[in-house]
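Student: sequence and predicted structure are below.
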Amino acid sequence: SLAASNGDRVEEGQLVAVLEAMKMEKPLLATRSGVVTGLGVRQGDTVGAGALICHIEAAGQEDQ
């Protein structure tokens, strides 16, 4: 499930999505503070290893 949307400002360590696999849930946390500028998945999508789930533009770089 997705906890962030395009345009959301997130902080490092904030929950952005929950990956569900084999009846287990794995929280995916923001690796840096910034603005969500792209989601590579939609709610309910099946994703493979290495798939882009959420792109975060570092704080202060979104206008560049």
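Tutor: Now that the structure is in, tell me what you want to look at.
Student: burial count for the closest residue to Leu52 other than its chain neighbours?
Tutor: Residue nearest to Leu52 in three dimensions, not counting chain neighbours: Gly40, with 3.5 Å by C-beta to C-beta, 6 or more residues apart in numbering. Yep, even glycine has a C-beta here, placed from its N, CA and C like the rest. Gly40 sits with 11 neighbouring residues when counted by other C-beta atoms under 10 Å.
Student: also Asp8?
Tutor: 17.
Student: ok, it touching Gly38?
Tutor: No. Using C-beta atoms under 8 Å, Asp8 is not in contact with Gly38, being 11.5 Å away.
Student: please name the bridge partners of the residue sitting nearest the centre point of the chain.
Tutor: The residue lying closest to the centre of the chain (C-alpha atoms, centre = their mean) is Cys54, at 3.3 Å. In this entry, Cys54 is beta-bridged to Leu39, by DSSP bridges.
Student: what sits against it?
Tutor: For Cys54, the contacting residues are 2, 4, 16-17, 28, 30, 36, 38-40, by C-beta atoms under 8 Å, 6 or more residues apart in numbering.
Student: which of those residues fall within helices?
Tutor: Per DSSP state H, helices hold no members of these.
Student: now stretch 8-28: mean pLDDT?
Tutor: For stretch 8-28, the mean pLDDT works out to 94.
Student: check which residues of it are buried.
Tutor: Within stretch 8-28, the residues that count as buried by 16 or more other C-beta atoms under 10 Å are 8, 10, 16-17.
Student: which one of those is nearest Ala59?
Tutor: Nearest to Ala59, judged by C-beta to C-beta, of the buried residues of stretch 8-28 is Val10 at 9.4 Å.
Student: and the gap between that closest one and Gly50?
Tutor: Distance check for Val10 against Gly50: by C-beta to C-beta, to the nearest Å, it reads 21 Å.
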